[in-house]
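Participant: only geometry, no sequence info:
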C-alpha cells in the first residue's frame, strides 16, 4: 500500500524543479588578472539563436562568492550575456594586501570586458556587493546602462554613525567537510525556508586547507572599515539608471533607510519591496526576485521609465 505521508516528505525534501533545471545549465569558470590579483568569475552558456538584450554582471555580498547567483543566472542567460564574479579576498579569487571599493571597481570593469558582456551592461549587487557597485557606477556610470541594488543599505548619517557593525572575518578550521558545512550561517543570521539554497551556498563557501576545512574568504577582506566609505556620495553621483530592490522584512533596510536612499537616487528610480523576504531576499523569494529583476530590465531596455 502506498505511503502518502512518505511521498509528501520525499517531495518536500527534494529541491523544486526550477532549481534542478538551473543547476543543470552549463557554466564556465574564468580567471582574469586585475592589478596583480587573479579574479575568478562564472559565465553561462547562451543560445546563439536569440538576440541578446545586453549583459548582466552579478556581484555577491560580503564573504560571498559567484555561486550565490548560480541558481538565478540561468533565468537571464537566454536574453543576456551573464557573468558573476568573486570579489578579491572572497570565493575563488586571489587575496590583496589592501582592499577598497576603488580597486574592486576595477575588478568589475575588467570582468565586464573579459567576459564580453557588450555595451548595454547592467550590474546587480547584493548587500556589500551593491555598496561596492555604487563606487563602480559613480566612476564608470557612463559606460553601463544601469545598477540594481539588492538590499544594500546606505543609511542616513545620523543612523549610520550610531550603528555598531558586528565584526566579521574570524576564520576557524574544522575537522571535516560536514562539520564545516553544519557551521555555515547566513550573515546577518535569518531563518530561510529554502534550506536547499542555504546548503547550495554553504557547499561553495568552504575549502580544505592544511589546518582543516574553513571559509573561502580572507579575514582582512571582511574588516568593518569596508563599511566606512562614503557610499551615500557614490550613490548620489551615479549617472546611469539605478533601482533598489529590498526585502520587506529585511533587518538592514528599514523604511527610513529606504526613504533616504530614494532621496539620493534619480527621480522615478524603481524602488521595490519584495513581500515575505528578509535581507537575503533571493533566498527567501527567488522566483519573485527573478520576476522583479526581469521587469526592471525590460522597462529600462524599452525606455518605459
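Facilitator: Great, that's in hand. What you see is a predicted model, and the numbers here were worked out from it, not measured in a lab. Residues are numbered from 1 along each chain as shown.

Participant: which residues in this structure form helices?
Facilitator: With DSSP state H as the criterion, the chain has helices at 4-13, 17-24, 101-114, 128-140, 157-160, 177-183, 195-203, 231-236, 255-264, 281-284, 286-301.

Participant: quick one: closest of those helices to residue 95.
Facilitator: Nearest to residue 95, of all the helices of the chain, is helix 101-114, at 12.2 Å by CB to CB. Every C-beta, even on glycine, is put in place using the N, C-alpha and C of the backbone.

Participant: other residues contacting that closest one?
Facilitator: The contact list for helix 101-114 (CB atoms under 8 Å, 6 or more residues apart in numbering) reads 30, 32, 34-35, 37, 39, 41, 55, 57, 59, 83, 85, 87-88, 93, 96, 121, 123, 131-136, 139-140, 143-144, 226, 229, 231, 234.

Participant: for it, what is the average pLDDT?
Facilitator: Averaged across helix 101-114, pLDDT comes to 98.

Participant: how far off centre is that helix?
Facilitator: Distance of helix 101-114 from the chain centroid (CA atoms, centre = their mean, to the nearest Å) equals 15 Å.

Participant: 27 is where my numbering starts, stick with that
Facilitator: Okay, using 27 as the starting number, the last item reads as helix 127-140.

Participant: in it, what's buried?
Facilitator: Neighbour-count burial for helix 127-140, counted by 16 or more other CB atoms under 10 Å, picks out 127, 129-138, 140.

Participant: for stretch 286-302, same thing?
Facilitator: Neighbour-count burial for stretch 286-302 flags 286-287, 290-291, 295-300 (criterion: 16+ other CB under 10 Å).

Participant: do stretch 312-322 as well
Facilitator: For stretch 312-322, a neighbour-count test (16+ other CB under 10 Å) marks 312, 314-316, 318-319, 322 as buried.

Participant: got the residue ranges for the strands in the stretch 27-176 of the chain?
Facilitator: Ranges of strands in the stretch 27-176 of the chain, per DSSP state E, counting those that start in this stretch, are 53-59, 64-70, 80-85, 106-111, 147-152, 172-176.

Participant: all set, thanks.
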